[in-house]
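Undergrad: Give me a model of this one.
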Amino acid sequence: MNKPKVIISDFDLTLVDVTSIEKDFRSRNKEVRKQMEKVAKTLPLVDGWETVLQILRAKNIPFFILSNNQKNFLEKMNKWKNINAFHIIGRYGTKATYPYTEAKVPPKSVKLQQAEEILLQTYPDLRREEIIYIGDQLKDIEQSKIFGCQAGGCLWCSREKDELLHSNADYLFETPTDLLKLVA
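TA: The predicted structure follows:
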């Protein structure tokens with residue numbers, strides 16, 4: 001297994017535990033979303049991520065956020081939480097935005113391809129096997145495998161812990177700091 005040179009993470013239930021606002025988090029009602037953003041701003045990163053992000057920055061390891069959440073929300077959270085992501089790929093909400101698929105929200109394997117294209121502009125020798133995508137659901141593992149990168153399952157907030165434990169994930173992490181073993 002190649003040592004990861006790029007870390008890509010899902011957002012909700014991976015970087016931030018949003019279980020307290022999850023029902024509203026998925027709402028399409030603008031007023032509910034406004035209120036949810038106020039609450040989301042107060043939610044901390046999952047314990048350990050601040051340390052991981054500091055070490056990744058010190059080692060010049062790019063960190064992406066790749067999620068099905070609205071991109072403008074992810075950008076706000078990136079700023080509010082001082083994540084300093086190399087890049088953010090989120091949902092824009094229109095089919096025309098996604099040249100690879102007819103789906104309104106494309107599968108994460110397609111978004112991983114978009115991330116790869118962005119990364120190759122700065123890191124032209126990067127190989128898919130040197131990218132790890134970390135998510136809290138079985139479909140995150142499956143989509144990582146379809147794309148061809150390393151798959152990491154986060155167990156700290158996952159509602160699919162049993163499925164992740166029996167998946168073909170390359171790595172399972174009990175805490176975000178477990179990730180540091182891969183980049184040491």
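Undergrad: helices or strands next to the longest strand anywhere in the chain in the packing?
TA: For the chain, the strand with the greatest residue count under DSSP state E is strand 63-70. Judged by 3 or more CB pairs under 8 Å, 6 or more residues apart in numbering; DSSP states H and E, the packing partners of strand 63-70 are strand 6-9, helix 49-58, helix 71-80, strand 87-91, helix 108-122. For the C-beta atoms, the positions are set from N, CA and C on the backbone; glycine is no exception.
Undergrad: Turn the ones you listed into a markdown table, columns for mean pLDDT and distance to A40.
TA: Below are these laid out as a markdown table (pLDDT from 0 to 100; distance: least, CB to CB, whole Å):
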| stretch | mean pLDDT | distance to A40 |
| --- | --- | --- |
| strand 6-9 | 96 | 16 |
| helix 49-58 | 96 | 15 |
| helix 71-80 | 89 | 7 |
| strand 87-91 | 87 | 14 |
| helix 108-122 | 93 | 21 |
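Undergrad: Which among these is found nearest to Q150?
TA: strand 6-9 (9.8 Å; CB to CB).
Undergrad: The closest one pairs with which strands, and in what direction?
TA: strand 63-70 (parallel), strand 131-135 (parallel) (DSSP bridges).
Undergrad: Which residues belonging to the longest one are considered buried?
TA: By neighbour count, with 16 or more other CB atoms under 10 Å as the criterion, the buried positions of strand 63-70 are 63-69.
Undergrad: Contacts for the longest strand of the chain, please.
TA: Here strand 63-70 makes contact (CB atoms under 8 Å, 6 or more residues apart in numbering) with 6-12, 15, 53, 56-57, 74, 78, 83-93, 105, 108, 111-112, 115, 133.
Undergrad: at 6 Å what do you get?
TA: Outside strand 63-70, the residues that touch it by CB atoms under 6 Å, 6 or more residues apart in numbering are 7-8, 10-11, 56, 74, 85-91, 105, 111, 115.
Undergrad: how far does that strand sit from the chain's center?
TA: From the chain centre to the centre of strand 63-70 is a distance of 5 Å (CA atoms, centre = their mean, to the nearest Å).
Undergrad: ok, and the helix or strand in the protein with the lowest average confidence?
TA: Of all helical and strand segments in the chain, the minimum by mean pLDDT, DSSP states H and E falls on helix 22-25, at a mean of 64.
Undergrad: In the contacts of strand 63-70, find the pair that's most separated.
TA: L56 and V105 (27.2 Å).
Undergrad: quick revisit: burial-wise, tell me which of the helices and strands packed on strand 63-70 comes out on top.
TA: A comparison of the helices and strands packed on strand 63-70 by mean neighbour count, using mean count of other CB atoms under 10 Å, puts strand 6-9 on top with a mean of 26.
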